[in-house]
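Chemist: quick one: sequence plus predicted model below, questions after.
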Amino acid sequence: MVTGVVTSGDPHTANLVSLVATATAVHQRGEVSSCCVQQSRMDRAFKHSHVLRTTSASTPRIARPFAASTTTPRMQRNPSASAATISSELQEKLQEWMSMDHDPASRAIIDGLVAKRADKQLDELLCKRLEFGTAGLRAKMGPGFNRMNPVTIQQTTQGLLKYLQQQAPQQLQQNGVIIGYDARHNSKQYAHLAAAVFAAAGVKVALPSDFVPTPFIAAGVSLLGCAAGIMVTASHNTKEYNGYKVYWGNGCQIIPPHDAGIASSILQNLTLGPVDPQNLPKDLIYDPTEQISASYYKNLTQKLKFCSDLDNGNAARTVYTPLHGVGGRFVQQGFREFGLPEPLMVEAQAEPDPEFPTVVFPNPEEGEGTWQMAFDTATQNNVQLVLANDPDADRLAAAEQTLDNEGKGTGQFTTFSGNDIGLLLADWIWTNFRQRNPQVPAGNCLMLASAVSSAALGAMAAAEGFKFEQTLTGFKWLGNIAKERQKQGLTVLFAFEEAIGFMFPDNNMDKDGVTAAAVFAEMAAAHYRRGTTVAQHLRELYHRYGQFVFRASYYIADPPSRSQPVFDRLRKDGKYPQSVGGVKVVGVRDLGTGLDTTQPDQKAVLPWVPGDMMLTLYFEGNGVLTLRASATEPKLKYYLEVKGSDRESAGKLASRLEAAITEELVQPEAAGIKMRGQ
């Protein structure tokens, strides 16, 4: 039954055929217990089920165009016959899903769950729907309206198309959209499916012929004048995830009201129209990669390269890892444009691999386990600087090895936090901008950081005389506000967020790990030339602007709704905590109610949304703690910072507060969430 859609020679698909055939036979015989054994294997196989690996250079093939089906589902002709106890709502959603889903493996999973009468799992997959927000979509891949799959991708794209036709019809007609993808499972197929939806409506689509880093799509929207951009990526999430990130025509991630408008449009356009991603029309589809690349690297070198080719050429090599993602060749090109020596790649992690085989989490924030191969490479080759991107190359992590007196690697590394890197890059950009542009008043310049990031950049701004602005969390806010400030005549130089995200407005209005890698490497080389290290210079900056001790971590809240009771309890009846760890709370900012007791009118300055899960407590002794539920991951995060006259006293207060977060504030057991690492 499935052999007609299998790509020969693909071991993943061959394994899938066996699983599907077994599941089908089991269902036909009614052997429910055997079907249960197969289920977890099929869940893992789902990401391979869309006929071919996404790293293939060929055009994705599918069994048939994605369109509404009027036929009875093949693998279970009468779902209700096998599930007499299924609720009417679930039965309706089951039949609706099976009428749209033409993927044999996906259907086998649903069929198996029906046979097991796994109503709870079916309800979670089918009766809930992925919620489109400012972050677009991000979820595990799998069957159902609550997962990333061809059905939900097409429905989302249909809604986005209709919304653009209403909001930006002329721009859409003239310049179309741009759609990119990373090297994750199914990313290429999802991108081609989205392109087919736009092409079916006669819209031009800039569609790279191969994977690209996320920053290329942000830059491409502005360069090409597109009405919108789509990047198919789940960034640094684990391999089971994929995502759908949307940029507006200004080159920034979408913010309200566009998120709600698109979400509403999706719900109004759920019926699948006829599309054919196998045969994309050549008159509407074009590859913009070379055009974007030329513009991107030209801006990079003209605006952000501050040292001579001679100095950069004499720099020591840098160890670099893309963590099995797409950054490799793009970062290498950035180094070449800067005249820096070719980075020494971590060989086992150099090529894109959607399985991320050498790491548990493809996220350089996750600590030494993720860094270990890069550290080993640096130690073996006596390299001082180590850089890493996340899989879609929009974020940058950095570490520095201590070398002995003979220049040999010691295996001792300083890993810089996102706040550290943000302060280092801000200092580098500010110093060089002032030297190049002495005629620009400091007060006409602006840098930004998000509300959960360190206040050190604000302290630097106060000391140096440039403007500083704090925004809500996420580059959707940093980018859009930067764009607005540019329109007001300000020179926006830099923005960052503690989650190792760094924005360079001269190149694009989103975080950019490719640009950050080249800029950081050049900066480090300059410090080494003057006889100091990056870590030593960072200590100089903290001595100059204040001692800021920052702590951050998270709890696992899966599903994310499990974070809600924590916030409900902390804000119940407006009775917020009076102290934490014996330290008095002197102020509260609640972006779920609009309260900010530090303001004269008690109203939050930052935008707020009723029920939003973001709460900040201010403490005696210059301590600030923010609890926040992530919009893109099943995490409840905390961000704690203390500013002190010396690092030791600030660290003691930070440790005292951090030790009380779990028991006094989060209480994870009561909320059904887990500690990190459990």
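Modeler: Received the coordinates, thanks. Predicted model, so just to flag it, every value in this text is computed and none were measured. Numbers count the residues shown, from 1 in each chain.
Chemist: Asp601: how many residues sit nearby?
Modeler: 7 (other C-beta atoms under 10 Å). (Glycine included, C-beta is placed from N, CA and C.)
Chemist: just Gly339 next, same as before
Modeler: 18.
Chemist: quick one, phi/psi of the nearest residue to Val232 once chain neighbours are set aside?
Modeler: Excluding the flanking residues, the one nearest Val232 by C-beta to C-beta, 6 or more residues apart in numbering is Tyr181, at 4.1 Å. When read as degrees, to the nearest 10, the backbone of Tyr181 gives phi -160, psi 150.
Chemist: wait, doesn't Tyr181 sit right on Leu193?
Modeler: No. The pair formed by Tyr181 and Leu193 falls short of the contact definition of C-beta atoms under 8 Å, at 10.6 Å.
Chemist: which one of the two has more residues nearby?
Modeler: Taking neighbours as other C-beta under 10 Å, Tyr181 and Leu193 compare with Tyr181 leading, 29 against 25.
Chemist: identify the residues contacting the more buried one.
Modeler: 54, 187-188, 190-191, 208, 211-212, 231-233 (C-beta atoms under 8 Å, 6 or more residues apart in numbering).
Chemist: try 7 Å
Modeler: Contact analysis of Tyr181 by C-beta atoms under 7 Å, 6 or more residues apart in numbering lists 187-188, 190-191, 211, 232-233.
Chemist: next: Asn146.
Modeler: 124-125, 128-130.
Chemist: so, low pLDDT: which residues of the stretch 201-350 of the chain?
Modeler: Low-confidence segments of the stretch 201-350 of the chain (pLDDT under 70): none present.
Chemist: so the closest residue to Arg138 other than its chain neighbours, which of the three states?
Modeler: By the measure of C-beta to C-beta, 6+ apart, the closest residue to Arg138 outside its immediate chain neighbours is Gly243, 3.6 Å from it. The three-state label given to Gly243 by DSSP: H, G, I helix; E, B strand; the rest coil is strand.
Chemist: what is the neighbour count of Gly243?
Modeler: Neighbour tally, Gly243, other C-beta under 10 Å: 22.
Chemist: what separation do you get for it and Arg436?
Modeler: Between Gly243 and Arg436 the distance is 38 Å, computed by C-beta to C-beta, to the nearest Å.
Chemist: centroid-nearest residue for the chain?
Modeler: Ser235 (4.0 Å; C-alpha atoms, centre = their mean).
Chemist: wait, what's in contact with Val514?
Modeler: 213, 215, 327, 330-331, 334, 393.
Chemist: now Gln578
Modeler: Val585.
Chemist: from Pro322, how far out is it?
Modeler: Taken as C-beta to C-beta, the span from Gln578 to Pro322 is 47 Å.
Chemist: so how many other residues sit close to the closest residue to Gly581 other than its chain neighbours?
Modeler: In this structure, Gly581 finds its nearest non-sequential neighbour in Ala660, 3.4 Å apart by C-beta to C-beta, 6+ apart. By other C-beta under 10 Å, 16 other residues sit near Ala660.
Chemist: please apply the same query to the one 10 residues further on.
Modeler: The burial count assigned to Ala670 is 10, neighbours taken as other C-beta under 10 Å.
Chemist: that one sits in which helix or strand?
Modeler: helix 668-671 (DSSP states H and E).
Chemist: buried residues in that helix?
Modeler: 668, 671 (16 or more other C-beta atoms under 10 Å).
Chemist: bridge partners for the residue nearest to Lys467 when sequence neighbours are not counted, pull those for me.
Modeler: When the adjacent residues along the chain are set aside, Lys467 lies closest to Leu446, with 4.4 Å between them (C-beta to C-beta, 6+ apart). Listed beta-bridge partners, Leu446: Lys467, Val492 (assigned using DSSP bridges).
Chemist: any weak-confidence spans in the protein?
Modeler: 1-85, 677-678.
Chemist: same thing but 50
Modeler: For the chain, the stretches with pLDDT under 50 are 1-45, 47-84.
Chemist: which ones are touching Val232?
Modeler: Val232 neighbours (C-beta under 7 Å, 6+ apart): 181-182, 187, 190-191, 242, 244.
Chemist: pull the most distant pair out of those residues.
Modeler: By the measure C-beta to C-beta, Asp182 and Tyr244 form the most distant pair in those, at 11.7 Å.
Chemist: pull out the buried positions in stretch 602-620.
Modeler: For stretch 602-620, by 16+ other C-beta under 10 Å, it's 604, 606, 608, 612-619.
Chemist: touching, Phe520 and Glu400? I think so.
Modeler: No. Taking C-beta atoms under 7 Å as the definition, Phe520 is not a contact partner of Glu400, at 10.7 Å.
Chemist: re the thing from before, could you check how far the residue nearest to Lys467 is from Asn146?
Modeler: In terms of C-beta to C-beta, Leu446 sits 41 Å off from Asn146.
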